[in-house]
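Student: can you look at this prediction? I've put the sequence above it.
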Amino acid sequence: MIQSHTNSISRRALLVAATLAATLPASFALAQSEPVEIHVMANEAFSNMIQSSEVAEFNKHYPNIKVTVDGVPYVELLAKMMLDATSPTPVYDVLIVDDPWTPQLADVGALQDLKSTEMAGFTAADFDWADFNAAPLAASEWKGTQYGVPLRSNMLMMFYNRSLYQKAGVPEPTPALTWEQYLEQAPKLVQDTNGDGKVDAWAIDTYFVREPLTPTIWQTIMNSNGGKLLDADGKPAFNNEIGAAALETHKKLLDFAPPGALAHGFTESLQAFRQGTVAAMFQWGSVYRSSAVDPKTTTLTPEQVGIQVLPAGSAGPGAHRGIWSGAVSAKSEKKQAAWTFLQWLSSKEGETWRANTLGTFPARKSTLASKPESEWLAPVYTALQLAYDVAAKGEMWRIRNPRSDAAQQILADEVARAMAGRVTAAEALQTASEKIEKVLN
């Protein structure tokens, strides 16, 4: 943490100052010779890890910058960010922003342009913007302006239990596996594994419940078949045969899911997979470490767990982007220190340390092309790079618009009605299309 300010400068502080001077513009190194405190607002799901691990490592390099991270429940996070950012005296210098929120926050002037002349003077020469993969970097871009950097590069992936696949005599998934092939294999993956005559393992678990992330499964199936959420004019483009067929496929997965799966979302599907009761799970890749490596949270091992892109449609494999980006508040009076913190987290050095130590997914091409310290990360890197590529090609992300949150709620409502059988897939998408067009306009 930050050393107390005294009349004399310690030997360590001098060494740190020398390091700062060598890696950052001289004006910034001099400006930050005094202790400074910045505040960060983040999702409570990972705010503790940022504070206890990432900040602690950051302070080994920058002991003069004190970082306080406040965690907020996901359902309250965007509203609190908007409230703080539009306040005359905002508290937070750094906002950790979810993928679809950049347009809304940028639209009210909440975010700092990180490539502006002002911020360029605080940017290390070797930061290398071009090293980021296009898909994660674009999550915090809006109307040609870069408002953030990828910190937690999440992608919707296919996890699979090798033991259950082997027991069923089904080949392991590859990027060439199609949705049709997967559905043909699914009945074999519903199994009685202990021979007592009762099914105790199912083929799949994922998002089925009514919540904003559930439509990402349907959308990924649709995108893999060449469908899109919006057309070139920003109007809904999913109300067609491709969209309806994709929603029917999503609903069909329920036939091979555990009992009560209609109420399953993030927590329930994760628990089922970690307990070894489902052969596959469509889930956010960042849970790989806690699902395959950490014995405190899973019954599985890295040897048992594979990770792959989702099955392919006519246009290629499926994936879905869900990037958490670090942004500097436009009203912060400590932009230099805030940007230094985000630069280190997303730098080649910082990203590599976070990936190897914490299992955080990297966004840089150089990191993904390197050999990770942990053996279990190697196949993850391969699958993640492919996921970035297919997501960029197929525009596999949620609606990007200042009203994206409202549009996602509409999709959640209508997908849920179709899942429950209250309306057909075509009827649900017709209603969603009409409502979203009004919201976006």
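Tutor: Arrived safely, thanks for sending.

Student: for Gln283, give the beta-bridge partners.
Tutor: Counting by DSSP bridges, Gln283 is bridged to Met157.

Student: what packs against the longest helix anywhere in the chain?
Tutor: Secondary structure assigned by DSSP state H gives helix 377-394 as the longest helix of the chain. With contacts defined as 3 or more C-beta pairs under 8 Å, 6 or more residues apart in numbering; DSSP states H and E, helix 377-394 has these neighbours: helix 134-138, strand 148-161, strand 305-308, strand 316-318, helix 365-369. C-beta here means a position set from N, CA and C on the backbone, and glycine is covered the same way.

Student: strand partners (parallel or antiparallel) of the helix or strand that comes right after the fourth one?
Tutor: Spelled out, that is strand 316-318. Next helix or strand after strand 316-318 toward the C-terminus (DSSP states H and E): strand 320-328. Partners of strand 320-328 in the sheet, by DSSP bridges, are strand 94-97 (antiparallel), strand 148-161 (antiparallel).

Student: quick one, the longest one and helix 377-394 angle?
Tutor: With axes from the mean of the first three to the mean of the last three C-alpha atoms, to 10 degrees as the basis, strand 148-161 and helix 377-394 are set at 110 degrees to each other.

Student: tell me which stretches of the stretch 1-150 of the chain form helices.
Tutor: 11-23, 26-31, 44-49, 55-61, 74-85, 102-107, 117-120, 134-138 (DSSP state H, counting those that start in this stretch).

Student: now do the contacts for the residue nearest to the spatial centre of the chain.
Tutor: By C-alpha atoms, centre = their mean, the chain has its centre lying nearest to Asn154, at 2.7 Å. Contact analysis of Asn154 by C-beta atoms under 8 Å, 6 or more residues apart in numbering lists Trp284, Gly285, Ser286, Arg321, Gly322, Ile323, Trp324, Phe361.

Student: that one - nearest residue in space that isn't next to it in sequence?
Tutor: In space, and not counting its chain neighbours, Asn154 is closest to Gly322: 4.1 Å by C-beta to C-beta, 6 or more residues apart in numbering.

Student: swap in Asn64?
Tutor: Closest to Asn64 by C-beta to C-beta, 6+ apart is Pro35, at 5.0 Å.

Student: then Tyr207?
Tutor: Distances taken as C-beta to C-beta, 6+ apart place Thr214 nearest to Tyr207, at 4.1 Å, with adjacent residues excluded.

Student: and the one you found, how far from Leu253?
Tutor: According to C-beta to C-beta, to the nearest Å, Thr214 stands 12 Å off from Leu253.

Student: so what sits against both of these two?
Tutor: Common neighbours of Thr214 and Leu253 (C-beta under 8 Å, 6+ apart) are Phe208.

Student: could I get the full set of strands for the chain?
Tutor: 36-43, 65-72, 94-97, 141-142, 145-146, 148-161, 202-205, 278-284, 305-308, 310-313, 316-318, 320-328 (DSSP state E).

Student: what would these look like in CSV with distance to Leu368 and mean pLDDT?
Tutor: Shown next, in CSV, are the strands of the chain (distance: least, C-beta to C-beta, whole Å; pLDDT from 0 to 100):
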stretch, distance to Leu368, mean pLDDT
strand 36-43, 24, 97
strand 65-72, 26, 98
strand 94-97, 22, 98
strand 141-142, 20, 98
strand 145-146, 21, 98
strand 148-161, 10, 96
strand 202-205, 27, 98
strand 278-284, 17, 97
strand 305-308, 14, 97
strand 310-313, 19, 98
strand 316-318, 17, 97
strand 320-328, 15, 97
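
Student: please parse this structure into its domains.
Tutor: For the chain, automatic domain parsing gives the domain ranges 11-154+322-379, 155-320+392-440.

Student: quick one on the thing from earlier: the strands paired with strand 320-328 into TSV, with extra columns for distance to Ala246?
Tutor: As requested, these are exported to TSV (distance: least, C-beta to C-beta, whole Å):
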stretch	distance to Ala246
strand 94-97	28
strand 148-161	14
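
Student: deepest-packed of these, please.
Tutor: Mean neighbour count (mean count of other C-beta atoms under 10 Å) peaks for strand 94-97 among these, with a mean of 28.

Student: show me the contact partners of that strand.
Tutor: Identification of contacts with strand 94-97 by C-beta under 8 Å, 6+ apart yields 38-43, 50, 81, 85, 105, 110-111, 140, 148, 151-152, 324-329, 332, 338, 341-342.
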